[in-house]
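1. 3D model of this:
(2 chains)
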Amino acid sequence: MEKSIKFLEYRYAGYIITLLMFITFVAGTIINGGFNWGIDFAGGAKIIAKFNKDVSVQTIRAELHKSEIKAEVQQYGKEDLNEYVISTRLAPQVKMSEFAKSFMVKAKEVVEAVEGKSVIDSSKKKEFERLEDALTKSFNKKIEIISREEVGPSIGDYLKKSALYLLGMCVLLMSVYLAFRFEYRYSIGAILMILHDVILSFFFCGLMSIEINIPIVAGILTIFGYSVNDTIVVYDRIRENVQIVTKQDFIEIINKSITQTLSRTILTTVTTVMAVLCLYFIGEDVINDFALLLLFGFSTGIFSTIFVAAPALYYLERKRTA
Amino acid sequence: MNRSLLYRFLFILFIIGFAVVLILPTVGMRKMEVRLDKSITTDQINFIKSRFPADKYRLQMKEDSLEVEGYGLNDAVMNDVRSFPGVANAELVKHWAEKVRFIRAKKINLGLDLQGGMQLVLMPNFETIEKRQGKKLSDSEKSEMSIQALELLRNRVDQFGVSEPSLRKRESGAIEVQLPGVKDPAKVKKLIGTTGRVEYRIANDEYSAKANEWIKANFKEPALPETKETQSDLLSKVTKAVNLPVHLEFMFFYERVPNSRKIFPSHVMALEKAVSLAGDDINKAYVGYDEMGRLAVHFTTTADGAKKFSDATSKKNHGKKLAIVIDNKVRSAPNIGVQITTGQALIQGDFSREEVDTLTSIIKEGALPVDLEKIEERSVGPSLGIDSINSGIKALMLAFVIIVVFIIIYYKASGMIASLGLILNFIFMIAMLSWLNFTLTMPGIAGFVLTIGMAVDANVIIYERIKEEIKAGKSVKLAISAGFERAFWTIFDSNLTTLIAAFILSQFGTGPIKGFAVTLSIGILCSMFVSLYITKFIYEVISQKSNLKKLSI
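-> Below is the predicted model of the structure:
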């Protein structure tokens, strides 16, 4: 008989780790000033622009600051390409169309300032239509807008709501399925684990200042699917072992099951993590954050299977037999 | 090999062969025809040629076009080339697999983020309408209005010269417009933000007939032109040729492709320049039946409109047509039979439900124009898309190589079988995605890469199980069959829950996420099929060997 590792004996250490992670992540999020909602959710505008001249993040930011635009400026892609992501988030009350107009006007000022031309008098702002035409022309020559995104505030609210709704639906459907295929106790364990992973992943984004956009939500849901996947493999083994040996201590059965499936867990995680690493190193900026989140999530997935889902099952079982 | 195994073998071969043909338009060698401007300079030609180096592409100069042949030609490249100076148009030539009707292979659909283009989400401005009408609008009225606005937009998108525009209704009355490969975003926005103009004008059959005869005789293209420039070009020629009186002008009559959302110009119609009835002279319009029980469009005019309408339908116009014109396109032209003074009328004919609905929407839209406000805009240049595709392919290849090396080292010969499974998984995924017409997006590519990592999972579960059974003292043959049998439900349960997550993800409104969810789901399904059917088949064949003592695993 193979020896099983006594995972459950270390469960208290596991709880402490979870707690520590939670505290650090939340603290980190607060220090960072809350979640970094991307324009998908907060509303706003984002452009990726290629400058013909050498400019730096500082000059762009300073010029934007002069014209009273709060914008984030980031280098995009390789350094010598002179490509920058410039994004502004919407103040809640500003109407989208007005915002877009003033943004375009200000963007032009910035461009001209960067290019060494005179800054346009702000009293001319009302002539935005004429400006916008002129702008597209000067943009085409001096700056190339590679991509442009604008999201209105109503969409952001709608997306936030529907993201939450979907998450709820996911948890519900999955636990119904698990209750049907296993027993309700298993599905409670799985839900706890899902909550653990989703909440931690979310605050992980807060800690790392990852911009929360739609792809990130997709990432969180993937983590969720992945860790359920992981948990089910272990649960499946526990169920099988319970049927084979009824008399054995339940703790022992859980330990044995985790041990038996451990090589699979490690192997699958290794291959998946390899794929994610490839994404991380080769992918674009957006995919980079996405990959980082997945790396965290997949490792948490294993951890939570062993230290959340398994102990939960143990406590529920003990309650039932007591 | 016994008979049942043989049949399965043939079935598997068939599936693989079919899948390989399906992916040819996506991964195979393709041709692209680049039509050049007459005024193109040598520098510009050289610039295009430098984009396609001779060691990778075969270039062939023709009279007014350049034919490029090679791998990696897709919609993103096509859109990029279209934006080159001196290029009139670029079109991918259909791959032979796309022409075989029975197979229906297609090239993979690329999302806007990959092929470049523009997405707009527009919201009808209900507040101004509520003000105008002095009452609150119910939800069903709102949704009806956005359908009207959608019909109006459909009427316009063909002016942008994009090949596959997509328009659909979204949550709470919003309208999503996707224009892949659009060249001029500023122009699009200008055209889309304004309201439609619906007019009713008397048609002149004599000159309509003359014009169409002339076109038949002198215009040799298979279809009438669809872009604004080419259309006005043709119309001015026709106007000269038939000596059109000054009080008339020509417009195109548009028909709808049956069972589709597309409209196309079908013939030319001569119309009075004077507008008989403006769009807002109509009070309301609804679908009903005529006295013969056929579907008909009923409408009533305003008090003002009733007078105009009575004039328009007076005896001098009997037997003529009253054209319904929206944005300078004739969309319907019913015959005038009797004078109508009451302001209540109906348009009858052998209409299908769809035709009646469309016509009603158009008339309503004219009666109550809706302002559209832009609430979301995304545009991506094609070059960014090409970069994304390239880095996606790189990541995919690298992940694939690393994982294959890893599993072959770990599982030896069995690892090779798993790698074979991985390759098949690849082929099946691309085949399914293109065959079912799903759209590949950047998150979708990430999903693709992720799926390779996860696809190994099923094999790992099976192999670890087999190893355990061997350790427990079972013979190799028994261990294999027990391994597959026991792993089945584990794989089934664990994948099904991921599928649930992916399914729910696919309900999330926005395009890229849908793309990701779909790729993930297809990846899961393919990996289940490969591991539980094809890999299992290979092991059953191996088990046939009578003296099987050891398994390389």
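2. CA only for contacts and neighbour counts going forward, please
-> Noted.
3. Outline the domain layout of chain A.
-> Following automatic domain parsing, one gets these domains for chain A: A:7-38+A:155-321, A:44-151.
4. Lowest average pLDDT across those?
-> Sorting the domains of chain A by mean pLDDT places domain A:44-151 lowest, at a mean of 56.
5. now the end-to-end length of that one.
-> Domain A:44-151 has an end-to-end distance of 5 Å (criterion: C-alpha to C-alpha, to the nearest Å).
6. in stretch A:171-185, what counts as buried?
-> A:V171, A:M174, A:S175, A:Y177, A:L178, A:F182, A:R185 (16 or more other C-alpha atoms under 10 Å in any protein chain shown).
7. Tell me the helix or strand right after the strand or helix carrying the third one.
-> For A:S175, the host element (DSSP states H and E) is helix A:153-181. The C-terminal neighbour of helix A:153-181 among helices and strands, as given by DSSP H and E, is helix A:184-207.
8. May I have that next one as PDB, with CA atoms only?
-> The C-alpha trace of helix A:184-207 is given here as PDB (Å, rounded to 0.1, in the frame of the first residue of the first chain):
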ATOM      1  CA  TYR A 184     -24.700  18.200  -1.800                       C
ATOM      2  CA  ARG A 185     -21.800  18.200   0.600                       C
ATOM      3  CA  TYR A 186     -19.400  18.000  -2.300                       C
ATOM      4  CA  SER A 187     -21.100  21.000  -3.900                       C
ATOM      5  CA  ILE A 188     -20.800  23.100  -0.800                       C
ATOM      6  CA  GLY A 189     -17.100  22.300  -0.600                       C
ATOM      7  CA  ALA A 190     -16.800  23.300  -4.300                       C
ATOM      8  CA  ILE A 191     -18.700  26.600  -3.800                       C
ATOM      9  CA  LEU A 192     -16.400  27.500  -0.900                       C
ATOM     10  CA  MET A 193     -13.400  26.800  -3.000                       C
ATOM     11  CA  ILE A 194     -14.800  28.800  -5.900                       C
ATOM     12  CA  LEU A 195     -15.500  31.800  -3.700                       C
ATOM     13  CA  HIS A 196     -12.000  31.500  -2.300                       C
ATOM     14  CA  ASP A 197     -10.400  31.500  -5.700                       C
ATOM     15  CA  VAL A 198     -12.600  34.200  -7.300                       C
ATOM     16  CA  ILE A 199     -12.300  36.600  -4.400                       C
ATOM     17  CA  LEU A 200      -8.500  36.100  -4.100                       C
ATOM     18  CA  SER A 201      -8.000  36.500  -7.900                       C
ATOM     19  CA  PHE A 202     -10.000  39.600  -7.800                       C
ATOM     20  CA  PHE A 203      -8.000  41.200  -5.100                       C
ATOM     21  CA  PHE A 204      -4.900  39.900  -6.800                       C
ATOM     22  CA  CYS A 205      -5.800  42.200  -9.600                       C
ATOM     23  CA  GLY A 206      -6.200  45.000  -7.100                       C
ATOM     24  CA  LEU A 207      -2.800  44.200  -5.500                       C
END
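9. you'd agree B:A479 is up against B:K471?
-> No - using C-alpha atoms under 8 Å, B:A479 makes no contact with B:K471, being 9.2 Å away.
10. how close does the nearest residue to A:T272 once chain neighbours are set aside get to B:K514?
-> Distances taken as C-alpha to C-alpha, 6 or more residues apart in numbering or on different chains place B:G453 nearest to A:T272, at 3.9 Å, with adjacent residues excluded. For B:G453, the distance to B:K514 (C-alpha to C-alpha) stands at 20 Å.
11. now swap in B:L440 and tell me
-> Here B:L440 is placed at a distance of 9 Å from B:K514 (C-alpha to C-alpha).
12. neighbour count winner among the two?
-> Taking other C-alpha atoms under 10 Å in any protein chain shown, B:L440 and B:K514 do not tie; B:L440 has more neighbours (28 against 25).
13. Appreciated, that's everything.
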